[in-house]
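Novice: with the input below, show me the fold.
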Amino acid sequence: MLKPKRVFSDYDMTLFESIGGQAAVAIDNINLFEEQRYISETLQRGFLPKRLPELKNTDIGIFYASATEAAVVGGDFYDILQSPNDQASIFVGDVSGQGVEATTDAAMVKYTLRAVSFQNPDPSHILTKANAVIANQLAGGHFITLVYGSYYPESGQLLLGIAGHPYPLLYSAVDKQVTPVVGKDPALALIPTYEYTKTELRLSSGDILVFYTDGIIELRREKEFFGMERLGDLIIKYSGLKAQDITNKIMDDAREFAEGRLADDIVLMVIKRTG
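Specialist: This is a model prediction of the structure:
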């Protein structure tokens with residue numbers, strides 16, 4: 001004997017319609033998220049350097065990665081420009097915000113820095129001039145942290161400007177120690193008329209300078225952060241390797257620490273003096 005068919009009440013139908021509507025919204029959000037991610041990643045690939053220049057007496061390693069699917073692509077960027085007068089401009093930056101807007105802001109900042117750097121390689125000049133331009137281009141409340149170096153491979157001289165960015169870490173081959181290069185200037189686009197300063201360093205054979213974005217030091221394992229101190233310890237541990245090997249080893253340890261989860265974009269640049 002057949003059982004009577006279930007008859008859905010008006011309440012059941014209302015409930016089904018509500019669930020269906022919520023599912024449709026969720027699917028639309030997923031599609032929008034993936035579209036935004038694709039556009040951002042395409043833009044980022046377009047303005048990141050295809051290859052790094054070869055600098056005399058200098059070995060350079062680089063790691064760049066967008067965040068995992070748990071986060072929206074952001075605005076981390078880097079570049080190395082070599083000029084004919086034995087000078088190279090090296091910078092690593094991070095634009096506030098996420099998604100397509102942050103990525104387009106990063107592209108604008110990068111090309112502004114390129115344009116200004118051809119006028120005068122001094123970081124204090126470059127940051128001051130670029131800041132005045134960028135402050136008028138970004139949406140209200142947005143800013144950029146940046147470390148900018150004007151490097152002379154022949155002598156090892158490095159003029160360094162730091163705009164609200166995580167402090168570069170300097171390894172001394174003589175002392176076998178890592179110290180942060182401290183900067184007190186604010187991020188770009190916060191104070192349009194600010195006059196930026198510079199710090200002068202000279203890299204000797206075996207010295208290592210590391211630029212990075214906050215994506216690596218803010219990696220987490222439960223409530224513990226990866227941190228700048230742990231990054232410094234790893235620089236010491238792997239200091240005898242080539243620059244790219246140092247970079248790879250640090251990122252292997254960072255992934256292991258965070259159990260494979262990257263919650264933000266990461267740039268890690270290792271500059272090792274070889275001559």
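Novice: where do the strands sit along the protein?
Specialist: For the chain, the strands defined by DSSP state E occupy 58-65, 75-83, 87-95, 144-152, 157-163, 169-172, 177-180, 199-202, 208-212, 220-221, 224-225, 266-273.
Novice: would you list these in TSV and tack on distance to residue 52 and mean neighbour count?
Specialist: Yep, even glycine has a C-beta here, placed from its N, CA and C like the rest. Output for those, formatted as TSV (distance: least, CB to CB, whole Å; neighbours: other CB atoms under 10 Å):
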stretch	distance to residue 52	mean neighbour count
strand 58-65	6	19
strand 75-83	5	21
strand 87-95	10	25
strand 144-152	13	26
strand 157-163	17	23
strand 169-172	20	21
strand 177-180	23	15
strand 199-202	20	13
strand 208-212	13	26
strand 220-221	30	13
strand 224-225	29	12
strand 266-273	9	24
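Novice: residue 248: which of those strands is closest?
Specialist: Closest approach to residue 248 among these is made by strand 58-65 (7.3 Å; CB to CB).
Novice: now do that closest one against strand 266-273, angle only.
Specialist: Inter-element angle recorded for strand 58-65 and strand 266-273: 170 degrees (by axes from the mean of the first three to the mean of the last three CA atoms, to 10 degrees).
Novice: for strand 58-65, packing partners?
Specialist: Strand 58-65 is packed against strand 75-83, helix 243-257, strand 266-273, with contacts defined by 3 or more CB pairs under 8 Å, 6 or more residues apart in numbering; DSSP states H and E.
Novice: so which of the strands of the chain gets nearest residue 114?
Specialist: Of all those, strand 75-83 comes closest under CB to CB, at 6.5 Å.
Novice: if residue 200 is in a bridge, with which residues?
Specialist: Beta bridges link residue 200 to residue 159 when assigned by DSSP bridges.
Novice: tell me who's in contact with it.
Specialist: Neighbour list for residue 200: 157, 158, 159, 160 [criterion: CB atoms under 8 Å, 6 or more residues apart in numbering].
Novice: of these, closest to residue 221?
Specialist: Lowest distance from residue 221 to the contacts of residue 200 (CB to CB) belongs to residue 160, with 31.2 Å.
Novice: quick check: the farthest pair among the contacts of residue 200?
Specialist: Using CB to CB, the pair of those lying farthest apart is 157 and 160, separated by 10.4 Å.
Novice: which residues are in contact with each of those two?
Specialist: Counting by CB under 8 Å, 6+ apart, the residues touching both residue 157 and residue 160 are 200, 201.
Novice: pLDDT of stretch 229-236, averaged?
Specialist: Average pLDDT, stretch 229-236: 98.
Novice: buried sites along it?
Specialist: 230, 231, 232, 234, 235 (16 or more other CB atoms under 10 Å).
Novice: can you check stretch 102-120 too?
Specialist: 102-110, 112-113, 116-117.
Novice: returning to that earlier point: and the strands of the chain as a markdown table, adding mean pLDDT and distance to residue 122?
Specialist: Below are those laid out as a markdown table (pLDDT from 0 to 100; distance: least, CB to CB, whole Å):
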| stretch | mean pLDDT | distance to residue 122 |
| --- | --- | --- |
| strand 58-65 | 93 | 20 |
| strand 75-83 | 88 | 13 |
| strand 87-95 | 94 | 10 |
| strand 144-152 | 96 | 7 |
| strand 157-163 | 97 | 6 |
| strand 169-172 | 98 | 20 |
| strand 177-180 | 98 | 22 |
| strand 199-202 | 96 | 11 |
| strand 208-212 | 98 | 18 |
| strand 220-221 | 90 | 38 |
| strand 224-225 | 94 | 35 |
| strand 266-273 | 96 | 19 |
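Novice: so which of those strands comes closest to residue 131?
Specialist: strand 157-163 (7.5 Å).
Novice: alright, calling it a day.
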